[in-house]
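**Student:** For reference, the sequence and a predicted model appear below.
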Amino acid sequence: MNDITVNDLSFRYADSDQLILRDVSMRVREGDFVCLLGQSGCGKSTFLRLMAGLEAPSSGSICVDGQPIDGTSLERSVVFQDYGLFPWMSAGENIVLALRQRFPEKSKAECRDIARRALREVGLKDEVFGKYPKSLSGGMKQRCAIARSFSMNPPILLMDEPFGALDAVTRARLQDMVLDLWSHEERKKTVFFVTHDVEEALFLATRIVVFGQSPSQVIFEKEIPLERKPSRKEMYESRFIMDLRNELVGYINQDVLSHVED
């Protein structure tokens, strides 16, 4: 099990008195696809960095199965918006490098085979293995980054606005691809996916968590049962999704208005 509990989490940088997150609490079950939704600058990416162990809480805790997160771990893989690929290595070798760290008992040949299979699973041809990131489109680079994370098979996957810089068509295709990869796993990863796009959150999530403006707290949380998750066609036909969309936008707008009035 990899249940995650966040207790009264607050964070400020060491050289600042300004709180970014304040008393954030939530409980996430193993296999949840959690979309962290909110305005730009509300602390969503900071929360993800705390989940990754790249920052430490100022107070409170994040626990996985009761154990506090203490530094980075290969049990938690991160997909960044800027892809995170080393430009001096081919796409395939970027994946192999991560696999050698994750599975030191495997030979380099085995890791190469896993990397090629992972690239095929995200819709890329075998020839991409030998190409350098500079020769790939943004969508292809993000597919490589996703292939790297899924091939490492971490129980927890952290995705920081991974499709934010992509065009609408590529973005939709990659959303479909990630959902397909996640839903077909025998033991689903727990995913934390940062976005400021309500439509993206509604399409991807089994749980939506809305952060208010900084210093951020959770202002709304909603579970979407698997049986009620919409297809792309149902996004604008399902009464449940339409009502939830209005509810989400209402909470976000109310939070904006309360800060403007202050």
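**Tutor:** Great, that's in hand.

**Student:** quick check: longest helix of this structure.
**Tutor:** For the chain, the helix that runs over the most residues, judged by DSSP state H, is helix 239-261.

**Student:** what comes up buried for that helix?
**Tutor:** Residues of helix 239-261 classed as buried by neighbour count (16 or more other C-beta atoms under 10 Å): 241, 244-245, 248, 251-252, 255. For every residue, glycine as well, the C-beta is placed using N, CA and C.

**Student:** what does it contact?
**Tutor:** If you take C-beta atoms under 8 Å, 6 or more residues apart in numbering as the criterion, helix 239-261 is touched by 37-39, 198-199, 201-202, 208, 210, 212-213, 219-220, 222, 224, 228, 230, 234-236.

**Student:** re the thing from before, columns distance to Glu75 and pLDDT on top of the buried residues of helix 239-261, output as a markdown table?
**Tutor:** As requested, these are arranged in a markdown table below (distance: C-beta to C-beta, whole Å; pLDDT from 0 to 100):
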| residue | distance to Glu75 | pLDDT |
| --- | --- | --- |
| Ile241 | 33 | 91 |
| Leu244 | 32 | 92 |
| Arg245 | 34 | 92 |
| Leu248 | 31 | 91 |
| Tyr251 | 32 | 86 |
| Ile252 | 32 | 85 |
| Asp255 | 33 | 78 |
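
**Student:** picking up where we left off before, just how off-centre is the longest helix of the chain within its chain?
**Tutor:** In terms of C-alpha atoms, centre = their mean, to the nearest Å, the centre of helix 239-261 is set 22 Å apart from its chain centre.

**Student:** Would you check that my belief about Lys188 contacting Val34 is correct?
**Tutor:** No: at 11.9 Å, Lys188 does not count as touching Val34 under the criterion of C-beta atoms under 8 Å.

**Student:** In terms of neighbours, single out the busier of those two.
**Tutor:** Neighbours of Lys188 and Val34, each counted by other C-beta atoms under 10 Å, are more numerous for Val34; the result is 23 against 18.

**Student:** that's a strand at the more buried one, yeah?
**Tutor:** Yes: Val34: assigned to a strand according to DSSP: H, G, I helix; E, B strand; the rest coil.

**Student:** show me the contacts for it.
**Tutor:** Taking C-beta under 8 Å, 6+ apart as the definition of contact, the neighbours of Val34 are 28, 190-193, 205-209.

**Student:** Show me which pair in these is furthest apart.
**Tutor:** Farthest-apart pair in the contacts of Val34 is Thr190 and Ile208; separation 14.8 Å (C-beta to C-beta).

**Student:** The residue nearest to the spatial centre of the chain sits in which helix or strand?
**Tutor:** Nearest to the mean C-alpha position of the chain, counting by C-alpha atoms, centre = their mean, stands Met159 at 2.3 Å. Taking DSSP states H and E as the criterion, the element that holds Met159 is strand 156-160.

**Student:** ok, that strand: who's next to it in the sheet?
**Tutor:** The pairing partners recorded for strand 156-160 under DSSP bridges are strand 76-79 (parallel), strand 190-195 (parallel).

**Student:** Show me where the chain has its strands.
**Tutor:** Counting by DSSP state E, the chain has these strands, from start to end: 4-11, 21-28, 33-37, 59-64, 67-68, 76-79, 156-160, 190-195, 207-211, 218-223.

**Student:** Outside of the second one itself, which residues are in contact with it?
**Tutor:** In other words, strand 21-28. Strand 21-28 has contacts (C-beta under 8 Å, 6+ apart) with 3-11, 34, 43, 46-47, 50, 60, 190, 192, 207, 209, 211, 215-218, 221.

**Student:** Any stretches of the stretch 151-262 of the chain with poor pLDDT?
**Tutor:** Scanning the stretch 151-262 of the chain with the threshold set as pLDDT under 70 gives 259-262.
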